[in-house]
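Trainee: Fold the stuff below for me.
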Amino acid sequence: MDPEAQDAANHGEPDAARSERHRRLSKRSIGVTLDHREHDVVVRVSGEVDSRTAPQLSAAIHRELDAGTCRRVVVDLRCVEFIGAQGVMVLENARQHAEAYHIGFCLAAKGRVVLRPLQALGMIESFELCDETEL
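Mentor: Residues are numbered from 1 along each chain as shown. Below is the predicted model of the structure:
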């Protein structure tokens with residue numbers, strides 16, 4: 001295949017650009033840890049919450065909600081470096097799930113990384129925001 005045809009097949013990305021994009025994508029990761037308290041569970045999230053990593057966050061939160069052993073879920077997003085629309089939808093679905101089970105649900109978030117996407121998608125008012133003293 002000639003170089004122009006190969007570039008077209010690769011959506012116009014030269015090999016170096018495609019390789020760099022792949023390195024960036026492969027470095028994306030998420031950390032999810034659970035801190036069980038007397039009546040609460042704190043879900044600590046770090047890294048990037050995008051379409052690739054959002055299912056892991058969703059599974060962790062929904063597992064806790066389905067267990068029915070807590071009165072409130074606090075999602076600590078203070079160490080999140082990026083959250084995309086898929087991540088916001090995970091949070092909204094979890095909030096609705098918690099509401100259906102009469103379980104409290106709040107977010108610990110600061111700065112533009114998390115709050116701006118929530119505002120841009122018109123969802124900031126849907127969430128209870130908690131402060132660091134609740135962690």
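Trainee: Just confirm residue 49 contacts residue 80, I think it does.
Mentor: Yes: because the distance of 6.0 Å satisfies Cβ atoms under 8 Å, residue 49 is recorded as touching residue 80. (Glycine included, C-beta is placed from N, CA and C.)
Trainee: Those two: who's more crowded?
Mentor: residue 49 (29 against 22; other Cβ atoms under 10 Å).
Trainee: Longest helix in the chain, by number of residues?
Mentor: Criterion DSSP state H: the longest helix present in the chain is helix 85-100.
Trainee: Which elements pack onto the helix or strand following it?
Mentor: As assigned by DSSP states H and E, the chain's next helix or strand after helix 85-100 is strand 104-108. With contacts taken as 3 or more Cβ pairs under 8 Å, 6 or more residues apart in numbering; DSSP states H and E, strand 104-108 sits against strand 72-83, helix 85-100, strand 128-129.
Trainee: and of these, who's closest to residue 111?
Mentor: Closest approach to residue 111 among these is made by strand 72-83 (8.2 Å; Cβ to Cβ).
Trainee: now the closest one: mean pLDDT?
Mentor: Strand 72-83 carries an average pLDDT of 96.
Trainee: Could you export that strand as CSV, CA atoms only?
Mentor: Backbone C-alpha positions of strand 72-83 (Å, rounded to 0.1, in the frame of the first residue of the first chain) are rendered in CSV as follows:
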residue,chain,number,x,y,z
ARG,A,72,-25.0,7.0,52.4
VAL,A,73,-22.5,6.8,49.6
VAL,A,74,-20.0,9.6,49.3
VAL,A,75,-18.1,9.7,46.0
ASP,A,76,-14.8,11.5,46.6
LEU,A,77,-13.7,13.0,43.2
ARG,A,78,-11.0,15.3,44.6
CYS,A,79,-8.2,13.3,42.9
VAL,A,80,-9.9,13.0,39.5
GLU,A,81,-7.9,14.5,36.7
PHE,A,82,-10.6,14.3,34.0
ILE,A,83,-14.3,13.4,33.9
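Trainee: Show me what that strand packs onto, helices and strands only.
Mentor: strand 40-49, helix 54-67, helix 85-100, strand 104-108, helix 112-120.
Trainee: in the longest one, what counts as buried?
Mentor: By 16 or more other Cβ atoms under 10 Å, the buried positions in helix 85-100 come out as 86-88, 90-91, 94-95, 97-98.
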